[in-house]
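Q: no sequence on this one, just coordinates:
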């Protein structure tokens, strides 16, 4: 399976990915009867949050690099 980069997606492809992810998460929430606590929801968000790899440029560094082009 090829790895697809978000940077290679069109805006519409990214929107569809977001919609699909939200639908899947909503479906999982409904299966639980909507009875997850706020703590469980926040823990789920933490587990699914993307973290850039070590050594990745910061947002500020990316902005400066773009400005300098």
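A: Now that the structure is in, tell me what you want to look at. Quick caveat, the model's predicted, so the values are computed rather than measured.
Q: where do the helices sit along the protein?
A: Counting by DSSP state H, one finds helices in the chain at the ranges 11-31, 38-48, 59-68.
Q: okay, those helices in TSV with mean pLDDT and mean neighbour count next?
A: Backbone N, C-alpha and C define where each C-beta goes, glycine included. Listed next are the helices of the chain as TSV, based on pLDDT from 0 to 100; neighbours: other Cβ atoms under 10 Å:
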stretch	mean pLDDT	mean neighbour count
helix 11-31	83	11
helix 38-48	88	10
helix 59-68	94	9
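Q: in JSON lines, list the ones you listed along with distance to residue 4.
A: Shown next, in JSON lines, are those (distance: least, Cβ to Cβ, whole Å):
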{"stretch": "helix 11-31", "distance to residue 4": "9"}
{"stretch": "helix 38-48", "distance to residue 4": "18"}
{"stretch": "helix 59-68", "distance to residue 4": "21"}
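Q: who wins for proximity to residue 3 among these?
A: Among the helices of the chain, the nearest to residue 3 by Cβ to Cβ is helix 11-31 (13.8 Å).
Q: could you check the angle the closest one makes with helix 38-48?
A: Orientation check (axes from the mean of the first three to the mean of the last three Cα atoms, to 10 degrees): helix 11-31 against helix 38-48 gives 140 degrees.
Q: no more questions from me, cheers.
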